[in-house]
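Peer 1: Generate coordinates for the sequence data below:
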Amino acid sequence: MENTAGGCFPRYSWLDFLFAVIGVCTFLFDIGSDVWLAKEFYQHGEFFWFAALLGFMLVSSAVVQMFSWFWIQYDSQLDNYDFQTAGRRVILFGSPKRVKLTCFLHICQLGFLLRHISAIWLGFCVWWRGEKGSEYAVYLTHDLSMLRLIETFCESAPQLSLMIYIMLHNNQARTIQYVSAMASTTSIAWMVVDYHRSLRSFLPDKSKQRWLSSVFYFLWNLLLIAPRVVTVALFTSVLPRYIAAHFLCLWLAFVLWVWLQGTNFMDTPAGEWLYRATVGLIWYFSWFNVAEGKTRGRSVIYHSFALTDSGVLLFSWWWLRDPETTQSYSLFVLFLVPLSYVLGLLVKTLYYCCFHPTLWKPVGSRKVPGDIPDAALVPAALVQADSSAPEVVNKRMAKHVSNFYSTRTFPMTEMNG
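Peer 2: This next block holds a predicted model:
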């Protein structure tokens with residue numbers, strides 16, 4: 001939460017409120033389907049699947065709660081935190097006197113849910129009742145967008161791989177397994193759209209960013225994440241004992257790479273290492289740019305490695321599969337998985353060629369020395385505040401905006417995000 005010199009963004013709107021409501025509904029649907037599926041596994045005596053599913057849920061929840069708690073601690077030390085929360089209808093993040101209660105709720109794994117409720121209630125008061133607090137409502141929605149991104153890759157993506165693996169392993173599926181897979185897919189899809197919308201909200205020329213750009217952003221992520229999730233499940237179906245070693249080796253390498261890039265997303269060393277470990281997990285499934293600079297090289301390295309690794313996993317499955325049980329879908333999978341990844345890369349390239357926000361800059365301003373983020377070229381990351389309040393900006397999301405919308409020299413744009 002930082003003061004700014006001026007505002008150029010619209011106030012909290014009905015669309016922000018709608019996204020917040022859909023977000024909490026998606027979250028509750030995902031949790032409900034997980035609990036239902038876990039109960040089914042337990043009742044059918046499938047204790048291994050029950051433990052695996054429960055493990056994904058608990059680890060994901062713990063990671064999200066830690067991020068949420070770290071951010072509350074960081075924000076409470078900022079100059080205008082008390083002003084922004086004083087008198088606001090903020091259920092969880094009001095008075096500093098609620099620190100112990102807030103900590104207890106996070107320990108009980110309720111912090112993320114209470115953030116949703118707080119954002120919805122504050123948003124309702126701002127949008128419907130016309131009360132003050134627009135800037136802080138936007139601030140909360142940006143934090144929720146980041147937390148949903150983390151929750152998606154810590155739970156929904158691994159869980160979707162698990163569901164596909166169980167279907168392949170049993171060569172059949174119950175209704176609840178389809179429901180759980182649909183819930184995970186919905187969660188991933190919603191995260192993609194919501195996160196891109198949060199990124200777009202920081203752009204001064206937001207009105208020129210057509211919704212078609214979000215469609216392309218969604219398509220490229222879907223086409224890149226889906227084959228990765230499927231190949232992990234396929235490999236696990238033939239070599240279940242090796243998937244843990246595969247993940248651990250790649251995760252350690254990714255965490256080391258994040259560290260070498262000198263990230264500074266969090267305000268404390270412990271928080272920063274949590275962030276690096278989480279990015280390592282995200283990279284296991286999808287590219288996520290975490291540093292400014294010459295990002296094209298990093299993106300090319302990552303996608304080349306991911307394509308090679310997924311190809312090895314897919315070939316291992318094809319070589320070791322049971323031809324009889326996989327006859328109905330083996331050729332289809334062998335053709336569709338690599339095709340999906342290649343199409344994803346092509347759609348991503350098309351996005352940067354046709355929908356990158358800097359393409360709307362005046363011709364004379366398109367040459368930028370070095371890798372300067374778009375946020376540095378304009379007064380980006382400004383959120384319009386109430387006239388009686390200091391203006392605030394979510395610096396965490398602003399950092400990701402700077403990383404995502406970085407550029408080197410036009411007309412070529414960096415392949416990041």
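Peer 1: which helices and strands does the host helix or strand of Thr349 pack with?
Peer 2: In this assignment (DSSP states H and E), Thr349 forms part of helix 330-354. For helix 330-354, the elements it packs on are helix 211-238, helix 295-320, judged by 3 or more CB pairs under 8 Å, 6 or more residues apart in numbering; DSSP states H and E. Any C-beta I mention is one placed from the backbone N, CA and C, and that applies to glycine too.
Peer 1: To Gln43, which of these lies closest?
Peer 2: helix 211-238 (23.9 Å; CB to CB).
Peer 1: so of the helices and strands packed on helix 330-354, which one's packed in deepest?
Peer 2: Most buried of these, by mean neighbour count (mean count of other CB atoms under 10 Å): helix 211-238, with a mean of 20.
Peer 1: need the next SSE after that one, C-terminal direction.
Peer 2: Downstream of helix 211-238 (by DSSP H and E), the next one is helix 243-260.
Peer 1: Would you mind getting the angle between whichever helix or strand comes after that following helix and helix 243-260?
Peer 2: Downstream of helix 243-260, the next assigned helix or strand under DSSP H and E is helix 269-285. Note on geometry: by axes from the mean of the first three to the mean of the last three CA atoms, to 10 degrees, helix 269-285 and helix 243-260 are set 130 degrees apart in direction.
Peer 1: which non-adjacent residue is nearest Thr278?
Peer 2: What sits nearest to Thr278 in space, not counting adjacent residues and going by CB to CB, 6 or more residues apart in numbering, is Ile150, at 5.8 Å.
Peer 1: ok, the one you found touching Ser68?
Peer 2: No - using CB atoms under 8 Å, Ile150 makes no contact with Ser68, being 9.5 Å away.
Peer 1: if we can go back for a sec, state the helix or strand in which the residue nearest to Thr278 lies.
Peer 2: helix 134-151.
Peer 1: Leu114 reaches Leu105, doesn't it?
Peer 2: Yes - the criterion here is CB under 8 Å, and Leu114 meets it with Leu105 at 5.8 Å.
Peer 1: could you pull out the helices for the stretch 51-200 of the chain?
Peer 2: Taking DSSP state H, counting those that start in this stretch, the helices of the stretch 51-200 of the chain run over residues 81-85, 99-107, 111-127, 134-151, 157-170, 175-200.
Peer 1: For the helix holding Ile150, buried residues please.
Peer 2: Residues of helix 134-151 classed as buried by neighbour count (16 or more other CB atoms under 10 Å): 134-151.
Peer 1: Same question for stretch 249-266.
Peer 2: 250, 254-255, 257-258, 261, 263, 265-266.
Peer 1: could I get those residues as CSV with pLDDT?
Peer 2: Formatted as CSV, the buried residues of stretch 249-266 follow (pLDDT from 0 to 100):
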residue, pLDDT
Leu250, 97
Phe254, 96
Val255, 96
Trp257, 95
Val258, 94
Gln261, 89
Thr263, 88
Phe265, 89
Met266, 90
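Peer 1: For Leu345, which of the helices and strands packed on helix 330-354 is the nearest?
Peer 2: helix 295-320 (6.4 Å).
Peer 1: Glu292 should be in a strand, yeah?
Peer 2: No - applying DSSP: H, G, I helix; E, B strand; the rest coil, one finds Glu292 to be coil, outside a strand.
Peer 1: Report pLDDT for it.
Peer 2: Per-residue pLDDT puts Glu292 at 74.
Peer 1: Leaving out sequence neighbours, find the closest residue to Trp287.
Peer 2: Tyr302 (5.0 Å).
Peer 1: circling back: I'd like the distance from the residue nearest to Thr278 to Met191, if you could.
Peer 2: Ile150 is 9 Å from Met191, where distance means CB to CB, to the nearest Å.
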